[in-house]
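Peer 1: Structural data only, the sequence is not supplied:
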Ligand SMILES: O=P(O)(O)O[C@@H]1[C@@H](OP(=O)(O)O)[C@H](OP(=O)(O)O)[C@H](O)[C@H](OP(=O)(O)O)[C@H]1OP(=O)(O)O
Ligand SMILES: Nc1ncnc2c1ncn2[C@@H]1O[C@H](COP(=O)(O)OP(=O)(O)O)[C@@H](O)[C@H]1O
Ligand SMILES: [Mg+2]
Ligand SMILES: [Mg+2]
C-alpha cells in the first residue's frame, strides 16, 4: 500500500495495490437455481481508497457477486492499466490529475470496457458552482411536485465584499456557506450557517453561499445505481425560526453533517415531514440526471420545503457515495454489474 497525493497537494489518500493478472475470457461455474452452468465471468477492476473498500466491498457483496459470476480485482497502480485484466468494468473513486489521465487514456484504448464513471463527468461534481446546474436546467415541475435548487452565490475571493454581494444578489438569510470545491477532503465538507451577512466575512473563499431552506430537519438521500433508485431518510439541520434569525447574529460551523447524521427511517416523525418524495418524481429526476450528468453511480441530497407537500430542493450530488448504507445494495449493485457485463457480451456475440 502507498500514499498518493491528490490534485490540491495537501490531502493524501491510500491506494491499495494488488498483483492479479487474469487469463483471457475467464469462465466459471455459476450456481443457478440448483443447476451448475458455465457462464462467462464479469471481471470488475476496482481502484478505491481503503475506506471505500471497507465500506463498499463487504463480504456479503463479494459473496453474492461470486455466486452471480462477478469477480472483483484490485487494480495495481504500479503497473500500466492496459497490462491488467482484461476487465469488463472499471469501478473507481480516486482523485488526482494523473489518475484521471490514466483512465481517460484507458477509455480511448479500451472502448469495450465500461469505466464507471467517465472522469470528466465526475469532475463536474467537484465544483459546487456547477454541481446543481443540471437540476436547475431541468426545471422539473409536474403534477407530482417541483424540484428546485436553492438560490446561491459564488464567492471566489475577498470575503470583505460578501455583505454587498449578498445584497446585490438579493439572497435571503440564513445562508449556508459551503467550500466551492467538493473534492472529498474533510475540509470540503466543513460548512457554516450564517444568521447575518457580516459574519460571513470571517470565512475563507472560495465558497458558495446558499439560501438555507427550512425542511423539518429531515433529508432524503436518493441513491442511484444505473436504473435503480433507493431512498433513505436522514436527520439533517434543524429549521431556523424568524425569532432565532432576529436574535442571533452569529455564524456556526458544522463539520460533515450528512455523514454523521443518523438514519431517520425508524424515527417517530411528523408524517408531513417524513413522507418520501413521490416515486414518479424521483424516477423522472434520476433518469434525466443520469443523462445530463453522464453518470450511473451517484446520490442526491433532497429536502422538502417545510410547510409544503411537494416543493423539493436538491442541495448536494455525490459521485459513488456510501452505498454500504443503502438497503439491499448488494443485490442492486451486483444486478447492475451483471446487466452491464452481460449486455456487452450479448452485443459481441449478437
Ligand atoms: O463515507 P460514506 O460511506 O459515508 O460515504 C460518503 C457519502 O455519504 P452518504 O452516502 O451520502 O451518506 C458522502 O455524501 P455527503 O457529501 O456527505 O452528502 C460523500 O459522497 C462522500 O464522498 P466524498 O467525501 O464527497 O468524496 C462519501 O465518502 P466516501 O465513502 O466516498 O469516501
Ligand atoms: N440549502 C440548504 N438548506 C438546508 N439545509 C442544508 C442546505 N445545504 C446543506 N444543508 C444541510 O447541510 C448538510 C451538508 O450539506 P451538503 O451540501 O450536503 O454538503 P456535503 O457535500 O458535505 O454533504 C446537508 O445534508 C443538510 O443537512
Ligand atoms: Mg451531502
Ligand atoms: Mg456532498
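Peer 2: Right, received. Where do you want to start? No experiment lies behind these values; they were computed from the predicted model shown. Ligands and ions are numbered 1, 2, ... in the order given.
Peer 1: where does residue 188 sit relative to ligand 2, distance-wise?
Peer 2: Separation of residue 188 from ligand 2 (Cβ to the nearest ligand atom, to the nearest Å): 7 Å. C-beta here means a position set from N, CA and C on the backbone, and glycine is covered the same way.
Peer 1: where along the stretch 101-250 of the chain do the strands fall?
Peer 2: With strands called from DSSP state E, counting those that start in this stretch, the stretch 101-250 of the chain shows them at 114-116, 141-142, 145-148, 152-155, 175-179, 190-194, 207-211, 218-225, 228-235.
Peer 1: For stretch 100-110, which residues meet the burial criterion?
Peer 2: Under the neighbour-count criterion of 16 or more other Cβ atoms under 10 Å, stretch 100-110 has 100, 102, 103, 106, 107, 110 buried.
Peer 1: contact partners of it?
Peer 2: 81, 82, 90, 92, 113, 115, 118, 119, 120, 123 (Cβ atoms under 8 Å, 6 or more residues apart in numbering).
Peer 1: Report pLDDT for the last one.
Peer 2: Note for residue 123: predicted pLDDT of 96.
Peer 1: List the contacts of it.
Peer 2: Counted by Cβ under 8 Å, 6+ apart, residue 123 has contacts residue 100.
Peer 1: again, but for the second one
Peer 2: Residue 82 is in contact with 106, 109, 110, counting by Cβ under 8 Å, 6+ apart.
Peer 1: where exactly do the helices run in the stretch 201-350 of the chain?
Peer 2: 242-247, 257-260, 271-274, 279-293, 329-349 (DSSP state H, counting those that start in this stretch).
Peer 1: Roughly how far does the residue nearest to residue 323 when sequence neighbours are not counted sit from residue 218?
Peer 2: Excluding the flanking residues, the one nearest residue 323 by Cβ to Cβ, 6 or more residues apart in numbering is residue 329, at 4.5 Å. Distance of residue 329 to residue 218, computed by Cβ to Cβ, to the nearest Å: 21 Å.
Peer 1: how many other residues sit next to the residue of the stretch 151-300 of the chain found nearest ligand 1?
Peer 2: The nearest approach of the stretch 151-300 of the chain to ligand 1 comes at residue 184, 2.8 Å away (Cβ to the nearest ligand atom). Residue 184: 20 surrounding residues under other Cβ atoms under 10 Å.
Peer 1: ok, now residue 127?
Peer 2: Look at residue 127: counted by other Cβ under 10 Å, it has 16 neighbours.
Peer 1: my guess is it meets residue 178, correct?
Peer 2: No. Assessed by Cβ atoms under 8 Å, residue 127 is found out of contact with residue 178, at 10.8 Å.
Peer 1: in stretch 263-274, what counts as buried?
Peer 2: Along stretch 263-274, these residues count as buried under the neighbour rule (16+ other Cβ under 10 Å): 264, 269, 273, 274.
Peer 1: typo on my end, it should be stretch 334-343
Peer 2: Buried residues in stretch 334-343, counting neighbours by 16+ other Cβ under 10 Å, are found at 334, 335, 336, 337, 338, 340, 341.
Peer 1: mind checking how far it is from the chain centre?
Peer 2: Centroid displacement of stretch 334-343 relative to its chain, using Cα atoms, centre = their mean, to the nearest Å, is 20 Å.
Peer 1: Average pLDDT for it, rounded please.
Peer 2: 91.
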